[in-house]
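Chemist: Have a look; sequence and predicted model below, questions after that.
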Amino acid sequence: MTAQGFDGVERRGLMFVLSSPSGAGKTTLSRMLIDRMPGLKMSVSATTRPMRPGEVDGRDYFFVDKVKFEAMAKQGELLEWATVFDNRYGTPRAPVEAALSAGQDVLFDIDWQGTQQLREKARADVVSVFILPPSAADLEKRLHTRAQDSEEVIRGRMNRATHELSHWAEYDYIVVNQNVDDAFAEVQSILKAERLKRERRIGLTEFVRGLQRQLEK
Ligand SMILES: Nc1nc2c(ncn2[C@@H]2O[C@H](COP(=O)(O)OP(=O)(O)O)[C@@H](O)[C@H]2O)c(=O)[nH]1
Ligand SMILES: Nc1ncnc2c1ncn2[C@@H]1O[C@H](COP(=O)(O)OP(=O)(O)O)[C@@H](O)[C@H]1O
């Protein structure tokens, strides 16, 4: 699984994970990353939760029923999966493997349970970012302004936020999403720096040898 860096040095593709309590801004930041960062592909999850207004099957999620989800899990088609808010969510394996071997990095919007499973499978290739809301009041306001869930679902998501938050320290980076442009710039810097890490850049030895040969002439 290798990617060509923008400077021509070959490197391993990475798995870039964003997690947060619901409403903190993962979806917003993911869309900005996909639009503005070449070489990054979104992993589209399968879920048993109902589609929200404005969501598109195959773009936001693959919306499947419980029977289909169980069959996918049983046949090893999911790289990881978890139950969140009484619904099942999982990452289809094939598109991730195809993207990585085509030299792309893959972006995941998954919860802490999925992040743990990815880390167990490919620790060195996983870069994880936890997004925090600036305050509980902002989180609640964002869940309301999104206007896509019932009062009851919003209450459930607020109640679960404390549990989600408790996993913040398992992540490599923490970003507070107060101003969305600032938060995006921070997440983008993390990805740019991680792409340059020496241990991912398997083509470096050859590149430096080439430089040395040129210097010796
Ligand atoms: N483990 C795992 N979690 C997922 C996956 N897809 C989405 N999630 C998480 O499930 C939670 C609920 O997602 P969703 O219903 O879209 O609500 P959101 O929190 O408003 O984005 C979020 O924490 C997502 O990150 C997946 O494939 N695997
Ligand atoms: N920095 C921000 N300031 C104000 N509103 C925001 C900010 N970031 C995201 N939002 C809004 O908050 C709502 C929830 O964001 P979303 O990206 O759907 O969160 P998540 O995917 O984590 O559940 C959306 O309506 C989004 O437009």
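Modeler: Thanks, I have it. These numbers come from a predicted model, not from an experiment. Residues are numbered from 1 along each chain as shown. Ligands and ions are numbered 1, 2, ... in the order given.
Chemist: you'd agree K121 is up against R93?
Modeler: No: counting by CB atoms under 8 Å, no contact exists between K121 and R93, whose distance comes to 10.1 Å. From N, CA and C alone the C-beta is placed, and that goes for glycine too.
Chemist: Next, show the common contact partners of these two.
Modeler: Any residue near both K121 and R93 by CB atoms under 8 Å, 6 or more residues apart in numbering counts here, and that gives L79.
Chemist: Enumerate every residue touching P53.
Modeler: Shown in contact with P53 (CB under 8 Å, 6+ apart): Q148.
Chemist: who has more neighbours, K121 and R93?
Modeler: Relative neighbour count places R93 above the other of K121 and R93, with 16 against 12, counting by other CB atoms under 10 Å.
Chemist: For that one, which non-adjacent residue is spatially closest?
Modeler: L79 (4.3 Å; CB to CB, 6 or more residues apart in numbering).
Chemist: Quick check: phi and psi on the one you found?
Modeler: Main-chain dihedrals, L79, degrees, to the nearest 10: phi -70, psi -30.
Chemist: Which residues of the chain lie near ligand 2?
Modeler: Along the chain, the residues adjacent to ligand 2 under the rule CB under 6 Å from any ligand atom are 20, 22-28, 142, 145-146, 177, 179-180.
Chemist: Show me the residues you listed that map onto helices.
Modeler: Judged by DSSP state H, the subset of the residues of the chain next to ligand 2 located in helices is 26-28, 142, 145-146, 180.
Chemist: Which of the residues you listed ranks first by neighbour count?
Modeler: Going through these with other CB under 10 Å as the criterion, the one with the most neighbours is K26, at 23 neighbours.
Chemist: Surely that one and I131 touch.
Modeler: Yes: with contact defined as CB under 8 Å, K26 counts as touching I131 (5.7 Å).
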